[in-house]
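Asks: just to be clear, the model below is a prediction. Sequence and coordinates:
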Amino acid sequence: MSVDLESLSEATSGAIGALVSTAILYPLDTCKTKYQAEVRVHGQHKYRNLSDVLWEAISTRQILSLYQGLGTKNLQSFISQFVYFYGYSYFKRLYLEKSGSKSIGTATNLILAAAAGACTAIVTQPLDTASSRMQTSAFGKSKGLWQTLTEGSWSEAFDGLGISLLLTSNPAIQYTVFDQLKQRLLNRKQNKTEKGSSPEAISAFSAFALGAISKSIATILTYPAIRCKVMIQAADSNDDNAKKTRRRSRKTVSGVICAIWRKEGVLGFFKGLHAQILKTVLSSALLLMIKEKINAATWVLVLAMSRYLLVTKGRLKNA
């Protein structure tokens, strides 16, 4: 079976970019997730602002707990971005080969991106659930990956899968907007890449700006679903009886929607939107910037490895 080298290069550079951006922004991600997961009780919030989460970690001398679940998040980010970028690149190339078209329309691009996102969500959902539970656990009380995954039934590891599949529209919108803006920028510069050479690249600043714009649009359009997903996956912190009762309601989309509507009103569906935009825009922009800058080097490395394997295979046949 032949390997799509360009798709492999895209996947590798995207995964490395995700790994670096996740590690850099993880404390902000933890604060954001804990802030989103909280529901108002008796008319009051424990965290009135995103900074309250950070202050709690500092005041309780648990600053390192802002990194709880980092290993799981990095693993999930690396795998998800590798699967996504490989699938997205492969589906695009397959469509162009089968259709004979020279370009991909916006509607088709959205469908291909959503298909890649669905594959990614199914493969990485247990890791996504585990990382959310670790982040929303009380500071200093986060459990390990295996213990987190096995503390409930196997089906609970897939909490939020339905919303995750719905949220495939988020990266689909993001990367479609990014690709369209990138292509317009490259066309303006008339920077055409010859067949067999390294993929097209744009400047780091351009990649950062386009990444920020595309992610902002995707985040605003899908945010209510994002908050519902965080609440479904969040760890419980109260007594066991209350915990069991709340977990039963939070495992369903309807239960989460009713809880937000009853306790916070319509604005509750957008609680933490500014934090989500800040984190995801920075993360996405860093990811795409890193990916664009290392893509050429990754392409060269993949070609070198491919040629080495071909030479080795030839020597083994002749031996």
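Replies: Good, I have the coordinates.

Asks: so where's this protein shaky on pLDDT?
Replies: Applying pLDDT under 70 to the chain flags residues 1-7, 40-44, 190-201, 236-251, 296, 299, 302, 308, 313-319.

Asks: doesn't Met134 make contact with Ser65?
Replies: No: counting by Cβ atoms under 8 Å, Ser65 does not reach Met134; the two are 9.9 Å apart. In this view, the C-beta of every residue, glycine as well, is placed from N, C-alpha and C.

Asks: need the overlap of contacts for these two.
Replies: Ser142 (Cβ atoms under 8 Å, 6 or more residues apart in numbering).

Asks: the more surrounded of those two?
Replies: In terms of neighbours (other Cβ atoms under 10 Å), Met134 is the more surrounded of Ser65 and Met134; the figures are 25 against 21.

Asks: who's in contact with that one?
Replies: Residues in contact with Met134 (Cβ under 8 Å, 6+ apart) are 68-69, 72-73, 142-143, 145, 148, 235.

Asks: do the same with Ile277
Replies: By Cβ under 8 Å, 6+ apart, the contact list for Ile277 reads 215-216, 219-220.

Asks: between these, which sits nearest Asp128?
Replies: Thr219 (16.9 Å; Cβ to Cβ).

Asks: where does the closest one land in three-state SS?
Replies: Assigned state for Thr219: helix (three-state reduction, DSSP: H, G, I helix; E, B strand; the rest coil).

Asks: swap in Ile202?
Replies: State at Ile202, reduced to three classes by three-state DSSP: coil.

Asks: before we move on, which element is Ala297 in?
Replies: Assignment of secondary structure by DSSP states H and E places Ala297 within helix 273-318.

Asks: quick one: the helices in the protein?
Replies: Counting by DSSP state H, residue ranges of the helices within the chain are 5-37, 50-59, 70-99, 106-136, 145-150, 161-166, 169-189, 204-233, 240-250, 253-264, 273-318.

Asks: what's the distance between the fourth one and the middle of its chain?
Replies: This means helix 106-136. The gap between the average C-alpha position of helix 106-136 and the chain average comes to 7 Å, counting by Cα atoms, centre = their mean, to the nearest Å.
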